[in-house]
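A.B. asks: Sharing a sequence plus its predicted fold:
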Amino acid sequence: MTGDGVKTSEGRTRKGSYAAPALDKAFLIIELLANHPGGMLVSEMATALGRSLGELFRIVVVMEEARYLEKSPVDDRYRVTYKFLDIAYRATPARQLTAAALPEMQSLALHVGQSCHLVVIEGGAGLVIAREENPGTRGFALRMGASIDIVTSCSGKVLLAFAAPAQLGRILDRAEAAQGRAIDRVSLAGELERVRVQGHGLRESPITRGVTDISAPIFGFGGDCMAALTIPFLESIDGSQQCSIAEATQILIATTARISQALGHRGDDAGDARPASHG
């Protein structure tokens, strides 16, 4: 059965050759609740999605029985459970990636006295899948699960710079669809080339004063860029930070090289777009 598409909770149209109404509604519920971590009543979901209470109630009950949703005993609001996270980690490279990265991230945070976070591509955005906070008294960190702009962020530029050409086009198409605006791909191509030549990303944060973002790629077996490891370097006014930005950059590059090696990467892999000096 053909259909014209289904509107997602973000206003995008999901196109397909076949219609599966119940499944489509389940996806809409998930996307809606992902933007409401405090939970929603079934009636609120129905209003937000423009559906009847009856057609959503049955689907919500099935999802609750399968443990994808849970209902608060206090206010009857439904929330997404951690089962999605568990499945995502087991069904994607994220589990292997975080297992290799977390010990190194802990060491990195300790040696540079800064927090760090691990970012992967998710659709047309970046997704923080792990973080390690500064073990000291001060620090700046992104929350786990945070979505970041793949085009403007330092992590995003690293991921784009080392993505395969065919993959790069798809990511940018998705980013444009999600953001509802065109991306200046000519200007972006110049920025990504500079990141490739340099082997890492480095720039002052456009959002937080006193923070310099440093990001380096992590490669897997075959040379594919799997993630970007980023330090939001918070510079103290009194200069009391443990190391300089230049020193932190070198430690970060050495850290990502070790993680890449643990994931089976070899510096001569065909997919590795980094300059030989950083192999």
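C.D. replies: Done, it's in. Numbers count the residues shown, from 1 in each chain.
A.B. asks: Tell me where the stretch 1-150 of the chain has helices.
C.D. replies: Under the criterion DSSP state H, counting those that start in this stretch, the stretch 1-150 of the chain carries helices at the ranges 21-34, 42-49, 53-65, 83-91, 94-112.
A.B. asks: how about the ones you listed in a markdown table, adding distance to residue 242 and mean neighbour count?
C.D. replies: All C-beta spots, glycine's among them, are computed from the backbone N, C-alpha and C. Compiled in a markdown table, the helices of the stretch 1-150 of the chain are given as follows (distance: least, CB to CB, whole Å; neighbours: other CB atoms under 10 Å):
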| stretch | distance to residue 242 | mean neighbour count |
| --- | --- | --- |
| helix 21-34 | 37 | 17 |
| helix 42-49 | 47 | 17 |
| helix 53-65 | 47 | 15 |
| helix 83-91 | 32 | 12 |
| helix 94-112 | 6 | 18 |
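A.B. asks: between the ones you listed, which gets the lowest average pLDDT?
C.D. replies: The minimum mean pLDDT among the helices of the stretch 1-150 of the chain belongs to helix 83-91 (a mean of 69).
A.B. asks: Out of the helices of the stretch 1-150 of the chain, which gets nearest to residue 218?
C.D. replies: Residue 218 sits nearest to helix 94-112 of all the helices of the stretch 1-150 of the chain, at 7.0 Å, using CB to CB.
A.B. asks: Report all helices and strands that the closest one contacts.
C.D. replies: Other elements packing on helix 94-112 under the criterion 3 or more CB pairs under 8 Å, 6 or more residues apart in numbering; DSSP states H and E are helix 83-91, strand 116-122, strand 125-132, strand 225-234, helix 245-262.
A.B. asks: got the contact list for residue 81?
C.D. replies: When contacts are counted by CB atoms under 8 Å, 6 or more residues apart in numbering, residue 81 touches 67-70.
A.B. asks: how about a cut-off of 10 Å?
C.D. replies: If you count contacts by CB atoms under 10 Å, 6 or more residues apart in numbering, residue 81 has them with 63-64, 66-70.
A.B. asks: Can you give me the neighbour number for residue 223?
C.D. replies: By other CB atoms under 10 Å, 19 other residues sit near residue 223.
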